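J.: predicted model follows, preceded by the sequence.
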Amino acid sequence: MNKYLKIILTITSTLIFFIILDTIQAKILNRSPLIKTTENYNGGTLYQINKGIIVDNYICTNKNKKTVFKWQKYSCPSNTEINNNHQQKISWEEITSEGINEELLLKNIDQKILTKVSKELQELVSEAINEEKENPEILITEGWARVLNYDRFKTVLNIGTPAMKPLYLIIYKSPNRGEYEYLCAYALYQLSGFDFEWSTTDEFIEKFNSQIIKEK
């Protein structure tokens, strides 16, 4: 093979590999792709769009973020939708600099919501696993982050702030750190409106606690 052709193929394959990795990290962590152009907006519910090669990262004026594929449509929620989802102000007296008050946390949990959240996300994980067994290529074509757009996950997000403490309890008390716990962490991250980077469930809990304590 021609020497220059080898060089071109090597550069091209490296670039494609980097674009794929960049897309995966942006989707899974719901953040901006590294290769991007940025468009700023004034007014309305949309603050900024970070446009990548395969995905776009939307940043809303309420600080919510959403990374979607370019062929998907996304609109930031209206102020009415935001107020409906956050109609109950939540306080985190269970989280202190001395540690977590487990007794108080359990007392403040809505058991019906806890059951619903747990059921929806556990069934979502099961469905995703079965889907991958039947079609292994889906992990390559759509990735694991596809489940964040499924109805069961959206159902949990639509519960709003009442789902936050049940989600926290699941993560905090679970001895495992699998897909189920990660989904709980991601849902809590979305509902909190916090803006910090994390990659594992343990890292999320540590940064979430720090943010709560910082804001008190």
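T.: In hand now; what should we look at?
J.: low-confidence ranges, this structure, go.
T.: Residues of the chain meeting the criterion pLDDT under 70: 1, 42-44, 61-63, 77-89.
J.: do a quick rundown of the strands in it.
T.: Assigned by DSSP state E, the chain shows strands spanning 37-40, 46-51, 55-60, 65-69, 95-96, 99-100.
J.: so which bits of the fourth one are buried?
T.: Of the residues in strand 65-69, those buried by neighbour count under the rule 16 or more other CB atoms under 10 Å are 65-69. All C-beta spots, glycine's among them, are computed from the backbone N, C-alpha and C.
J.: wait, what's in contact with Arg177?
T.: Taking CB atoms under 8 Å, 6 or more residues apart in numbering as the definition of contact, the neighbours of Arg177 are 200-202.
J.: wait, which of those residues is closest to Leu148?
T.: Thr201 (15.3 Å; CB to CB).
J.: any idea how far the closest one is from Val68?
T.: Separation of Thr201 from Val68 (CB to CB, to the nearest Å): 23 Å.
J.: how many neighbours does Asn135 have?
T.: Using other CB atoms under 10 Å, the number of residues around Asn135 comes to 11.
J.: so what's Lys207 closest to, chain neighbours aside?
T.: Phe196 (5.0 Å; CB to CB, 6 or more residues apart in numbering).
J.: closest one of the contacts of Arg177 to Asp22?
T.: Comparing every one of those with Asp22 (CB to CB), the shortest separation belongs to Thr200, at 19.7 Å.
J.: dig out what Glu57 forms beta bridges with.
T.: I think there's a mix-up here, since residue 57 is Asn and not Glu. Listed beta-bridge partners, Asn57: Asn50, Thr67 (assigned using DSSP bridges).
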